[in-house]
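Take a look and give me a structure for this.
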Amino acid sequence: GVLASATAGASITMTQSAGNLLFRSIAADDTVTLRAPKGSILQAGGGSGIAADDVVLAAFSSIGTSTSFIDVDATSAEAVASFGGVFLRSANALDLSLVDAQHGDVVLDIGGTAGVGRIAVPRGLLSFFANGAILDRRDEDVTPQPDSLVNITADRAVLRALNGIGSEANWLETTFKRLEARSFADMWIKNYGDMTVGGVSSDFAGLQGAGKLHLTLASTLTLDEAINSGGAEIIVTASEGLVLNAAVRSGGGNITFHAGTFISLSSVASIDGESGAPLVSLEADGGAITMASGSSINGAGGRVELDATGDVSVTSITSTGDVSVTSSAGSILDVLNNGLPRIVGKAIALAAPLGRVGRVGFDFVVDTAAPGSGGLLSVDAKETVWIAEKTGGLDIGTIASRAGDVRLTVVETVAHSESMRLFSDSSIGAKGAVLLRVGVDFDAPLGSTIKAGTTITVEGDYDAGQTFVTNPATTFNVFGQMIAPQVAINADDDGNVFN
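A predicted model of the protein is given here:
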């Protein structure tokens, strides 16, 4: 049968001893408790649901269905389904003190802000929608905030909230295996265990936000679908690795990825600041940063920073701002040898104090800004440094190889603008040889220093075998120090000027 209506001034407690508990409308001033220990709790058509201060529901099977939700008008609700799903809807704000479906799916549709105590969907899909915010209510009064009180556990989850997910002062603590989310404000999520973004629902597209997007993992994150913050900052931190297999877009907001071990970008991964001058920062504390062929990092007009303990393998980094790449215990390597620049930036700084920059036999190709517009190359390495400038001239800061050779190349083209210029505080130093291959003019002013353990060679008019209709003379302005057992300055064309 169907319970058509029940009303009380205080509380109502009902137990359906066998089968389903089917009702239309129940109202009480205090608490409504419904139990179906051998069946489901279901709301019949035409009913208004449950109205009370607190609602407690417990069923052997399901609480509501995917096509017929339990409507709740209450301050707080608790729903436990032992072997089925939970399907709750509220037109207003609702605190969810406990929602537990060990063997089913959960759908929560909240018309206002949803306060979360504990939600457990360990084997199913959680679909959680709020027209307000989704907030942590389990430990909201605890200061400082603990890390052990998880709000939501789910095998897979989709979250959507108009006013944000979590808060800066009280992050939403979760244990998700897979997640997709859409927030129209900030997003603050702390996940325990490995997690993958994507692969949950075709109605979602990874993590999409219109505010600050902060995600922290106590393990490894795999990004299989996009992250887009809509103009706000993105900060993703993992205690272990970060595996990026999709696009990250910030619309001008800063982007930070920080891993306890490694960061890898697959061939379909990209990180893009898109506009303005955002900071794009990748840091791998205990491992390498690896960019596969096809991956890219774009800082728009902002600074790009890559910092790893292990090797940094670069495919494409582009910005009109400065770029710095550091490998504290490894090398900085190019993934491809196709003549295209691995790094395009204003001033480029490369540091591998225990390794090399570039692979022996292949130049690491860069493209700094044009001389006079802030372009500058600085390199600190232990082993070999082989670098070529792709376009225009090259301005030198400090270049050092403490145990290897230095080779810098600027190939002359029909533009005849491929000069190499040092400044009064510039220096180039190598344990072995220094080879400078210069397309057009070479400037080493007073105060600059070039020092090598074996030889210093400056090759002017370097054109890599090309032929030009007109080939202007090269001017060598050498007023700084050149210190080596052997020094040679060579030029191929007539009319060159030596000062």
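
Okay, and the beta partners of residue 272?
Beta bridges link residue 272 to residue 249, residue 298, judged by DSSP bridges.

contacting residues for it?
By CB atoms under 8 Å, 6 or more residues apart in numbering, residue 272 lies in contact with 247, 248, 249, 250, 296, 297, 298, 300. For glycine as for every other residue, the C-beta is placed from the backbone atoms N, C-alpha and C.

Do me a favour and get the backbone dihedrals for the first one.
Read that as residue 247. phi -90, psi 140 (degrees, to the nearest 10).

ok, how many other residues are close to residue 457?
Residue 457 has 17 neighbours, counted by other CB atoms under 10 Å.

before we move on, back to that, just the buried ones from the contacts of residue 272?
The neighbour count (16 or more other CB atoms under 10 Å) marks 247, 248, 249, 250, 297, 298, 300 as buried among the contacts of residue 272.

Just the closest of the contacts of residue 272 to residue 192, please.
Nearest to residue 192 among those is residue 248, at 22.6 Å by CB to CB.

Is it possible to get TSV of the buried ones among the contacts of residue 272 that adds pLDDT?
Compiled in TSV, those are given as follows (pLDDT from 0 to 100):
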residue	pLDDT
247	98
248	98
249	98
250	98
297	98
298	98
300	97
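
quick check, nearest of the residues you listed to residue 154?
residue 248 (23.6 Å).

Grab the most central residue of this structure for me.
residue 257 (4.4 Å; CA atoms, centre = their mean).

Give the full set of residues in contact with it.
236, 237, 242, 244, 263, 271, 281, 282, 283.

so what's the fourth one bridging to?
Same thing as residue 244. According to DSSP bridges, beta-bridge pairing links residue 244 with residue 223, residue 265.

Residue 293 in helix, strand or coil?
coil (DSSP: H, G, I helix; E, B strand; the rest coil).

what's around it, how many residues?
Neighbours of residue 293 using other CB under 10 Å come to 12.

related to what we said a few turns ago, could I get the buried ones among the contacts of residue 272 as CSV with distance to residue 328?
Formatted as CSV, the buried ones among the contacts of residue 272 follow (distance: CB to CB, whole Å):
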residue, distance to residue 328
247, 28
248, 24
249, 29
250, 27
297, 19
298, 25
300, 27
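
from those residues, which is closest to residue 227?
For the buried ones among the contacts of residue 272, the nearest to residue 227 is residue 248 (4.6 Å; CB to CB).

so residue 477 touches residue 460, yeah?
No: contact criterion CB atoms under 8 Å: residue 477 and residue 460 do not qualify, at 11.5 Å.

in the stretch 351-499 of the chain, what spans have low per-residue confidence?
Low-confidence segments of the stretch 351-499 of the chain (pLDDT under 70): 469, 493-494.

same question, the stretch 51-200 of the chain
For the stretch 51-200 of the chain (pLDDT under 70), the answer is 139-148.

What segments of it are strands?
In the stretch 51-200 of the chain, the strands defined using DSSP state E, counting those that start in this stretch lie at 54-59, 70-73, 76-81, 86-90, 94-101, 106-110, 114-116, 119-130, 134-136, 152-161, 172-183, 187-191, 195-197.

Turn these into TSV, including distance to residue 226.
Formatted as TSV, those follow (distance: least, CB to CB, whole Å):
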stretch	distance to residue 226
strand 54-59	37
strand 70-73	34
strand 76-81	33
strand 86-90	29
strand 94-101	29
strand 106-110	24
strand 114-116	25
strand 119-130	20
strand 134-136	21
strand 152-161	15
strand 172-183	10
strand 187-191	14
strand 195-197	8
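
Could you say which of those strands is packed most deeply?
strand 134-136 (a mean of 26; mean count of other CB atoms under 10 Å).

what does that strand rub up against?
113-116, 128, 151, 159, 161, 164-167, 170-173.

now that strand, how far from the centre of its chain.
23 Å (CA atoms, centre = their mean, to the nearest Å).

Then stretch 112-120?
Distance, centroid of stretch 112-120 to centroid of chain: 27 Å (CA atoms, centre = their mean).

Make 21 the first number, not 1, from now on.
Sure thing, new numbering starts at 21, so read that last one as stretch 132-140.

Send me it as PDB with only the CA atoms.
The C-alpha coordinates for stretch 132-140 follow below in PDB (Å, rounded to 0.1, in the frame of the first residue of the first chain):
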ATOM      1  CA  GLY A 132      20.800  25.900  -2.500                       C
ATOM      2  CA  THR A 133      24.100  25.300  -0.700                       C
ATOM      3  CA  ALA A 134      25.000  21.700   0.200                       C
ATOM      4  CA  GLY A 135      26.900  21.200   3.400                       C
ATOM      5  CA  VAL A 136      28.700  17.800   3.400                       C
ATOM      6  CA  GLY A 137      29.400  15.700   6.400                       C
ATOM      7  CA  ARG A 138      30.100  12.300   5.000                       C
ATOM      8  CA  ILE A 139      29.200  10.800   1.600                       C
ATOM      9  CA  ALA A 140      30.300   7.300   0.700                       C
END
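
what's around residue 132, how many residues?
16.

surely it meets residue 151?
Yes: assessed by CB under 8 Å, residue 132 is found in contact with residue 151 at 6.0 Å.

Return the residues in contact with the closest residue to residue 30 other than its chain neighbours.
Leaving aside its sequence neighbours, residue 30 sits nearest to residue 50 (CB to CB, 6 or more residues apart in numbering; 5.2 Å). Each residue near residue 50 by CB under 8 Å, 6+ apart is listed here: 30, 31, 72, 73, 74.

quick one on the thing from earlier: now distance to residue 25 too, for the contacts of residue 292, in JSON lines please.
Formatted as JSON lines, the contacts of residue 292 follow (distance: CB to CB, whole Å):
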{"residue": "267", "distance to residue 25": "54"}
{"residue": "268", "distance to residue 25": "53"}
{"residue": "269", "distance to residue 25": "53"}
{"residue": "270", "distance to residue 25": "53"}
{"residue": "316", "distance to residue 25": "63"}
{"residue": "317", "distance to residue 25": "63"}
{"residue": "318", "distance to residue 25": "62"}
{"residue": "320", "distance to residue 25": "62"}
